[in-house]
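Trainee: When you get a sec, could you give me coordinates for this:
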Amino acid sequence: MGGLVPPSLNSPSGSSVESSSQHVAGESPIGASHSSHNGRSRSPSIHLENDGITVFAAIDRGYTAAEKMHNSLTTCNVFLSQGIQQLGELIDSHMVEPEHCPGETKWLPINMLFALVNPHSVRNALSRALAGRQPPLVNEDDYLDNYTDKFCSHHEYSDPHTRKALKTSRRGIFAVLALLHKLEDAPFFANSDLWDKDLPLVRRNREFVSRADGSKRIAIPGGWRYPDRDGFGLYQHCVLSPFFDMESPNDVSFHDVDKSCPLPFIEELYDERPVEGHHGTVWKVKIHPAHHNFATNSHNPYFAIKQLALIDSQGSNFETEVGAWAKSVGIAGHPHIIRLLATWHQQNTWYLLFPWADGGNLHDYWEKNPEGNQRREDKEKPGCEAKRRQQLTQWVAEQLKGLTEALAKIHRSPTDKDVTSCIADYGIHGDVKPQNILHFKDEHNEYDCLVICDFGFTRYHSKDSRSAASPAGNTRTYRAPEYDKMNNDQEPAISRACDLWALGCVYLEFMVWYLEGYHAMNHEFTQERLDEDSGELIPHDKFFVVIQTVDQMRPPGAIVKPCVMKRIRSLRRHIDCSQFCHDVLNVVEKHLLAVDPKKRMNSHGVAKRLGGIFENSLVDGSYCLDGRPRHEELGALPEVLPYPARRMTEMMQSERPPP
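Mentor: Numbers count the residues shown, from 1 in each chain. Coordinates of the predicted model:
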């Protein structure tokens, strides 16, 4: 089969077979099977649906949404007054060089593609490129209008999965030809069945073949030398930077990005240390404003990129984390659960895009506000100080309520009291801690919003596999006692109750910060927990300790560390411990920090109690501020022996007589 035949310069319809550049025909066509980009077989199409959330493959690279945003742009006269006569030079002058990467592939922002490659500029550029051709053009105006339309008009097609109507054009192809100074061959490309959505093209013998669709191909014009062929391969990536469509909170786009394609980042904060975790690395980035439609606040135009770690070539961890997030958010979303904005894959690595938390995480918030809600001397305006403390109390109450409601949404929590009860398709976050609670500043709210993030360990289980959850990844400080109460080689059955224990630890730290400040929370309280772990091979500041009772033949148990109970009593005796504080401490002590997971209240019940606390804070100022210290005695505690659980179990087994 021969290659595509270029149109005649004299024929507006392109029906003739002659061209100014002789193409090379007669080559065997390349089959649909071909090596994909990134040197591997093309990854399977991503299409996940969970509770109204759809993660769909953006096969148009976001062009349809970008066209809606930028198509009204036209070339300004100022461009022509800059002394730039050639469209290729004009395009090159508006290209962006990747931040911190001089010499890397430059790229053309999509708004400039629409502004520079428009019907007026395309017609003029074609007229100039084809001027002086022999024989002269017949019906030149009709000819130019026809090919201008072929490059600038939109071709509509449908997504095979979502059936959504999508658009493409040949503006990108025209820009590449302009950069190559090969606009005389523009009609040749315009009469092919290639569109921008089919880019990038790869060279196979004497043809260009679409990587996205191996059946799409075009013969390389015969007049093109190797620099021209290679130049097309390089320049085409300049117009392929994706547009992130973030308009719908229920639709998350997935982009399979070619390894040579630059991403539309104009600032990457490498000077700020990336946050590395067990499941990935997070850093700060600014996306070119023409390449997304997310309504960012003016004071925070940044986004967070999470590069997933430990990913197999098929992206199973990617689907697990994104699927867990989608199930957690659901169609209604939740203000205290992070919103996933977009996803992509490039060079065997998977990425997630989130809003950037400009306030850091909850621990950062505590550190930046070290006084907590302690009294400040304000002799001139004592009323303002009382108002500040009351507003902070109401904010804390609202955040505790909201975070617990978010966890209940993840848990799919029932309304009964048993947190270990089984319902189909329930979730476990698996790593609740202050570092996974983000602080988003609100320019209209002094105290902002706290949001649960990081679904790398979140798992959803059916009622028939509720004991299959793995404890791997849980942060030691906040892990529940059942993590350490192992029987021989059996792993513990991890349930939603583990998240409730971790939440109790975080909320107790919150109250220590609130009443006593950051130093007491981060240094004194942490050191107390470490001191009571001194018998362990590796001490940790967890909130429980494994003990051996007087009966040495009984298996080891666990108790809340005595220092934790003492700290709760200390908070209750604090001069500023209001009824609000007592009520929160009651929830923590009685319903969250219960060693027996069956005695922990489920997240729905906890959220309901915290909701009542929040309502009380709104209607009664004395509830928030009037100190009501209580002097409660600490009950008798079992003797704590300095043996870790596994070591004690081994000793017991070695001392038992043979059966």
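Trainee: use CA for all of it now, contacts and neighbours both
Mentor: Noted.
Trainee: helices and strands around the helix or strand hosting Ile266, which ones?
Mentor: Element membership for Ile266, per DSSP states H and E: strand 265-268. Applying 3 or more CA pairs under 8 Å, 6 or more residues apart in numbering; DSSP states H and E, one finds that strand 265-268 contacts strand 280-287.
Trainee: still on that earlier bit, for the strand holding Ile266, the distance to its chain's centre please.
Mentor: 16 Å (CA atoms, centre = their mean, to the nearest Å).
Trainee: For Ala342, give me its contacts.
Mentor: 244-246, 252-254, 352-354 (CA atoms under 8 Å, 6 or more residues apart in numbering).
Trainee: pLDDT score assigned to it?
Mentor: At Ala342, the pLDDT value in this model is 92.
Trainee: any idea which of the contacts of Ala342 has the most stuff around it?
Mentor: Phe244 (28 neighbours; other CA atoms under 10 Å).
Trainee: right, and it touches Leu263 too?
Mentor: No. In this structure Phe244 lies outside contact range of Leu263 using CA atoms under 8 Å: 10.4 Å.
Trainee: Need the contact partners of stretch 558-565.
Mentor: 481, 485, 528-529, 532, 543-547, 593-595, 634, 637.
Trainee: cutoff 7 Å now
Mentor: Contacts with stretch 558-565, where a contact means CA atoms under 7 Å, 6 or more residues apart in numbering, come from 481, 528-529, 543-547, 595.
Trainee: For Ala558, give me phi and psi.
Mentor: phi -140, psi 150 (degrees, to the nearest 10).
Trainee: typo on my end, it should be Val322
Mentor: When quoted as degrees, to the nearest 10, the phi and psi of Val322 stand at phi -70, psi -40.
Trainee: That one and Thr54, how far apart?
Mentor: From Val322 over to Thr54 the distance is 10 Å, taken as CA to CA, to the nearest Å.
Trainee: ok, now Ala65?
Mentor: Taking CA to CA, one finds Ala65 at 17 Å from Thr54.
Trainee: Can you tell me how far the residue of the chain positioned farthest from its centre is from Pro221?
Mentor: Using CA atoms, centre = their mean, the residue of the chain lying farthest from its centre is Pro135. It sits 57.8 Å away. Distance, Pro135 to Pro221, using CA to CA: 20 Å.
Trainee: ditto for Leu610
Mentor: Distance of Leu610 to Pro221, computed by CA to CA: 71 Å.
Trainee: Ser127 too?
Mentor: Ser127 sits 20 Å away from Pro221, going by CA to CA.
Trainee: Those two: which has the busier surroundings?
Mentor: Neighbours were counted for Ser127 and for Pro221 using other CA under 10 Å; Pro221 has more, 26 against 17.
Trainee: Work out for me the element the more buried one sits within.
Mentor: Using DSSP H and E, no helix or strand contains Pro221.
Trainee: any idea of the pLDDT on it?
Mentor: In this model, Pro221 carries a pLDDT of 93.
Trainee: quick one, domains of this protein?
Mentor: 59-239, 251-355, 377-655 (automatic domain parsing).
Trainee: rewinding a little: ok, and the most crowded of the contacts of stretch 558-565?
Mentor: Phe543 (28 neighbours).
Trainee: Pretty sure Lys305 sits in a strand.
Mentor: Quick fix: residue 305 reads Ile, not Lys. Yes. Counting by DSSP: H, G, I helix; E, B strand; the rest coil, Ile305 is found in a strand.
Trainee: Just give me the neighbour total for it.
Mentor: That count, for Ile305 with other CA under 10 Å as the rule, works out to 23.
Trainee: And for Ser570?
Mentor: Residues within reach of Ser570, counting by other CA under 10 Å, total 16.
Trainee: Helix, strand, or coil at it?
Mentor: helix.
Trainee: could you say which helix or strand contains the residue farthest from the centre of the chain?
Mentor: Pro135 belongs to no helix or strand, assigned by DSSP H and E.
Trainee: Bridged to the residue nearest to Gln435 when sequence neighbours are not counted, which residues?
Mentor: Nearest-residue entry for Gln435: Asn361, 5.4 Å, with adjacent residues in sequence omitted and distances by CA to CA, 6 or more residues apart in numbering. Note on Asn361: beta-bridge partners by DSSP bridges are Leu438.
Trainee: How about Tyr157?
Mentor: Beta-bridge partners, per DSSP bridges, of Tyr157: Leu166.
Trainee: Could you pull up phi and psi at Ile337?
Mentor: Note on Ile337: its backbone torsions stand at phi -120, psi 130 [degrees, to the nearest 10].
Trainee: Now for it, how many residues are close by?
Mentor: Here the number of neighbours of Ile337 (other CA under 10 Å) works out to 24.
Trainee: Give me the buried positions along stretch 289-296.
Mentor: Across stretch 289-296, burial judged by 16 or more other CA atoms under 10 Å covers 289-294.
Trainee: Closest one of those to Ala386?
Mentor: Here the nearest of these to Ala386, counting by CA to CA, is Phe294; it sits at 38.3 Å.
Trainee: Contact partners for Gly233?
Mentor: 201-202.
Trainee: distance of it from Pro227?
Mentor: Gly233 is 10 Å from Pro227, where distance means CA to CA.
Trainee: repeat for Leu90
Mentor: Distance, Leu90 to Pro227, by CA to CA: 21 Å.
Trainee: So for these two, which residue has more residues nearby?
Mentor: More crowded of Leu90 and Pro227, by other CA under 10 Å: Leu90, with 18 against 10.
Trainee: In the helix or strand encompassing the more buried one, which residues are buried?
Mentor: Secondary structure assigned from DSSP H and E places Leu90 in helix 87-93. Neighbour counts over helix 87-93 (16+ other CA under 10 Å) mark 87-88, 90-92 as buried.
Trainee: looking at it, Leu625 is touching Phe580, isn't it?
Mentor: No. Counting by CA atoms under 7 Å, Leu625 stays clear of Phe580, with 8.1 Å between them.
Trainee: Can you identify each of the strands in the stretch 51-200 of the chain by residue range?
Mentor: According to DSSP state E, counting those that start in this stretch, the stretch 51-200 of the chain carries its strands in the segments 53-57, 155-158, 165-168.
Trainee: closest one to Leu537 among the ones you listed?
Mentor: strand 53-57 (45.4 Å).
Trainee: So Ala175 versus Val239, what's the distance?
Mentor: Ala175 is 8 Å from Val239, by CA to CA.
Trainee: for Lys182, same thing?
Mentor: Taking CA to CA, one finds Lys182 at 16 Å from Val239.
Trainee: got it, and Trp224?
Mentor: As defined by CA to CA, Trp224 lies at a distance of 21 Å from Val239.
Trainee: These two: who's more crowded?
Mentor: Shown here are Trp224 and Val239; by other CA under 10 Å, Val239 has more neighbours (24 against 15).
Trainee: my guess is that one contacts Phe174, does it?
Mentor: No. Proximity of Val239 to Phe174 does not meet the contact threshold set by CA under 7 Å, at 10.2 Å.
Trainee: before we move on, back to that, would you convert the strands of the stretch 51-200 of the chain into CSV that also reports mean pLDDT, mean neighbour count and distance to Asp442?
Mentor: Converted to CSV, the strands of the stretch 51-200 of the chain look like this (pLDDT from 0 to 100; neighbours: other CA atoms under 10 Å; distance: least, CA to CA, whole Å):
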stretch, mean pLDDT, mean neighbour count, distance to Asp442
strand 53-57, 83, 22, 26
strand 155-158, 96, 13, 39
strand 165-168, 97, 18, 35
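Trainee: Mind checking those for the one nearest to Lys599?
Mentor: Closest of the strands of the stretch 51-200 of the chain to Lys599 is strand 53-57, at 34.0 Å (criterion: CA to CA).
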